[in-house]
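Visitor: Mind looking at a prediction? Sequence and model below.
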Amino acid sequence: MIRYFGVLVLLLVIWQSGVIFLGTFLQREAEVYLAQGVEPEQVHEDLLLAYQLDSRSPSTLELLGRTSPDSSTALGYLRRLTQFEPNAAVHWVFLFNAKAQLGEFDDEMTSAMQNAANLGPFEPGIQFDLIAFGSKYWLDLNPLMRRLIVDAGERALATQAPFGRRELVASLTDSGLLSLVCHRVPESPACAIN
């Protein structure tokens, strides 16, 4: 009896491992195809299958959020992604960008922007995303959102990281936000040329 139970447990473990492996394989295959320039709609079905196999995979949720043809469905996947990994600043960036595509400049977007700014205060990629977002949607943003963008610009000028600083300053200059940021930190070397 114990032998049969052991065999049954072993078969269940093998089955579950196989399901997770297949889901991971489909998700990685979709990433490769997207990197090769394949249209997102073509890999979306594989991602849906990967999601059915492992609905808690952050990578699959992210890809579904990026490839879903329906923006509101994509938003649902990104919301779920932020629930599973609430400490990843980039996931909050995905969420507020998806909300902007839907034209939903609401409290959830403000919260997503705050989370991204708070979780990635010195990550040049997050600062760049916030600045680029702010320059694109400035007129649609409420005062708190604008403040978050200017704060991101301020941190971009204050960063001592050798990588990304030049790009961040260029982004601030191109977006016209450098003058706003320089009012708050006039001692920054980037402000001397402005």
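Guide: Nice, thanks for sending it over.

Visitor: Point out where the chain drops to low pLDDT.
Guide: The chain contains residues with pLDDT under 70 at 19, 21-24, 160-164, 192-194.

Visitor: Name the single longest helix found in it.
Guide: Determined from DSSP state H, the single longest helix within the chain is helix 2-35.

Visitor: which residues touch residue 109?
Guide: By Cβ atoms under 8 Å, 6 or more residues apart in numbering, residue 109 lies in contact with 95-96, 99-100, 145. To be clear about C-beta, it is placed using only N, CA and C from the backbone, and glycine gets the same treatment.

Visitor: Adding neighbour count, distance to residue 40 and secondary structure, write those out as CSV.
Guide: Below are the contacts of residue 109 laid out as CSV (neighbours: other Cβ atoms under 10 Å; distance: Cβ to Cβ, whole Å; DSSP: H, G, I helix; E, B strand; the rest coil):
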residue, neighbour count, distance to residue 40, secondary structure
95, 25, 18, helix
96, 27, 20, helix
99, 21, 19, helix
100, 17, 18, helix
145, 20, 28, helix
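
Visitor: Among these, which one sits closest to residue 35?
Guide: Closest approach to residue 35 among the contacts of residue 109 (Cβ to Cβ): residue 95, at 22.6 Å.

Visitor: Would you mind measuring the gap between the ends of stretch 116-135?
Guide: In stretch 116-135, first residue to last residue: 17 Å (Cα to Cα, to the nearest Å).

Visitor: Looking only at that stretch, what residues are buried by neighbour count?
Guide: 116-117, 119-120, 123-124, 126-135 (16 or more other Cβ atoms under 10 Å).

Visitor: so of those, which ones are in strands?
Guide: Using DSSP state E, no member of the buried residues of stretch 116-135 falls in strands.

Visitor: Could you look up the next helix or strand downstream of the longest helix of the chain?
Guide: Where DSSP states H and E defines the elements, the next helix or strand beyond helix 2-35 is helix 40-53.

Visitor: by contact count, what packs against that following helix?
Guide: With contacts taken as 3 or more Cβ pairs under 8 Å, 6 or more residues apart in numbering; DSSP states H and E, helix 40-53 sits against helix 2-35, helix 58-67.

Visitor: now the last one against helix 2-35, angle please.
Guide: Think helix 58-67. 40 degrees (axes from the mean of the first three to the mean of the last three Cα atoms, to 10 degrees).

Visitor: From the rest of the structure, what touches the very next helix or strand once past helix 58-67?
Guide: Sequence order places helix 71-84 as the next helix or strand after helix 58-67, per DSSP H and E. With contacts defined as Cβ under 8 Å, 6+ apart, helix 71-84 is touched by 56, 58, 61-62, 64-68, 88, 91-92, 94-95, 98-99, 101-102, 112, 115.

Visitor: relative to helix 58-67, how tilted is helix 71-84?
Guide: 160 degrees.

Visitor: Give the buried residues for helix 71-84.
Guide: So for helix 71-84, counting by 16+ other Cβ under 10 Å, buried means 74-82.

Visitor: How about stretch 31-39?
Guide: In terms of neighbour count (16+ other Cβ under 10 Å), stretch 31-39 has its buried residues at 31, 34.
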